[in-house]
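Peer 1: Everything below, folded, please.
(one chain, ligands or ions: 1)
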Amino acid sequence: MDQLTAQFISLEGSEGAGKSTAMNVITALFEDWQVPFIQTREPGGEGNAEQIRELLLHSDHLEAKTELLLMFAARNEHIVKVIRPALAAGQWVISDRFVDASYAYQGWGRGLQWQTIEYLEQLVVGNTQANLTLLLDVDPELGLERAARRSEKDRIEQENLRFFENIRSGYMQRAKAYPNRIKVIDANLSIDAVKLQIENVLRDFKSDLLKV
Ligand code: TMP
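Peer 2: Numbers count the residues shown, from 1 in each chain. Predicted coordinates:
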């Protein structure tokens with residue numbers, strides 16, 4: 001598949017949606033297709049951005065606007081130092097979360113204005129947009145139950161059910177607004193059923209690329 005332009009894929013969903021499993025499914029497919037790729041995450045994916053992640057997830061309290069600005073500060077480091085160079089070198093990029101998370105969490109979750117997020121998106125992301133986004137949609141109650149089994153909660157995971165319901169609505173609005181890019185995966189189902197949906201989306205994505 002090295003005749004294809006490197007693609008940027010992001011993975012989204014609220015807590016306990018199964019992003020790690022999804023990441024494994026995608027990387028296994030890419031290995032099978034012999035696509036050169038890097039796997040990264042937000043907030044983080046690069047030294048300074050990982051330090052900002054630490055602050056975002058483990059400080060006591062952050063003002064909503066501070067949280068938004070830190071997400072974009074980390075994203076700027078990540079895009080400039082990791083994502084753009086990888087794509088330019090022909091490597092596909094799979095990022096565990098990207099800019100849709102800022103709309104869902106800081107917009108819908110924290111209630112910050114769209115225009116502010118859009119402004120930051122233009123400033124930081126520009127046209128380095130994901131070509132495909134897999135949105136793992138899960139009932140927040142089920143997601144939180146799964147996440148609770150896994151590890152100690154970070155600052156954002158400690159929010160209440162209502163917050164995660166708003167995030168789910170935010171993500172679904174994004175999916176409606178960008179139906180070509182954002183593909184919704186029903187993550188309430190069994191791991192095998194989720195895997196199958198992801199593989200199907202990626203196979204369709206690849207065959208569309210080959211058609212162009
Ligand atoms: P993770 O636990 O999925 O790695 O994500 C870290 C947390 O950061 C998660 O609760 C979602 C949140 N987040 C935002 O609130 N806004 C963003 O823009 C990003 C990328 C993540």
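Peer 1: Tell me how many other residues surround Leu196.
Peer 2: 14 (other CB atoms under 10 Å). Heads up, the C-betas are built off the backbone N, CA and C, glycines and all.
Peer 1: er, Glu46 actually
Peer 2: 22.
Peer 1: Ok, Ile9 next?
Peer 2: 20.
Peer 1: Surely it and Ala130 touch.
Peer 2: Yes. Here Ile9 reaches Ala130: they are 6.3 Å apart, a contact under CB atoms under 8 Å.
Peer 1: Wait, Ile26 touches Lys195, no?
Peer 2: No. Counting by CB under 8 Å, Ile26 does not reach Lys195; the two are 10.2 Å apart.
Peer 1: on that earlier part again, common neighbours of Ile9 and Ala130, please.
Peer 2: Ser95 (CB atoms under 8 Å, 6 or more residues apart in numbering).
Peer 1: The residue in the chain that the ligand sits nearest to: what secondary structure?
Peer 2: As assessed by CB to the nearest ligand atom, the ligand sits closest to Tyr105 within the chain, at 3.1 Å. Recorded secondary structure, Tyr105: helix (DSSP: H, G, I helix; E, B strand; the rest coil).
Peer 1: One more: Gln129?
Peer 2: Gln129 - assigned by three-state DSSP - is coil.
Peer 1: ok, now how distant is it from Glu63?
Peer 2: 28 Å (CB to CB, to the nearest Å).
Peer 1: would you put the C-alpha positions of the longest helix along the chain in PDB?
Peer 2: Longest helix of the chain, by residue count under DSSP state H: helix 191-211. Coordinates of each C-alpha in helix 191-211 appear next as PDB, following Å, rounded to 0.1, in the frame of the first residue of the first chain:
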ATOM      1  CA  ILE A 191     -15.400  -7.100  22.000                       C
ATOM      2  CA  ASP A 192     -15.700  -9.400  19.000                       C
ATOM      3  CA  ALA A 193     -18.700  -7.400  17.600                       C
ATOM      4  CA  VAL A 194     -16.800  -4.200  18.100                       C
ATOM      5  CA  LYS A 195     -13.700  -5.500  16.400                       C
ATOM      6  CA  LEU A 196     -15.700  -6.600  13.400                       C
ATOM      7  CA  GLN A 197     -17.200  -3.100  13.000                       C
ATOM      8  CA  ILE A 198     -13.800  -1.500  13.200                       C
ATOM      9  CA  GLU A 199     -12.300  -3.800  10.600                       C
ATOM     10  CA  ASN A 200     -15.200  -3.200   8.300                       C
ATOM     11  CA  VAL A 201     -14.800   0.600   8.600                       C
ATOM     12  CA  LEU A 202     -11.100   0.400   7.900                       C
ATOM     13  CA  ARG A 203     -11.500  -1.900   4.900                       C
ATOM     14  CA  ASP A 204     -14.100   0.400   3.400                       C
ATOM     15  CA  PHE A 205     -11.700   3.400   4.000                       C
ATOM     16  CA  LYS A 206      -8.900   1.500   2.300                       C
ATOM     17  CA  SER A 207     -10.900   0.600  -0.700                       C
ATOM     18  CA  ASP A 208     -12.100   4.200  -1.100                       C
ATOM     19  CA  LEU A 209      -8.500   5.300  -1.100                       C
ATOM     20  CA  LEU A 210      -7.600   2.800  -3.700                       C
ATOM     21  CA  LYS A 211     -10.500   4.000  -5.900                       C
END
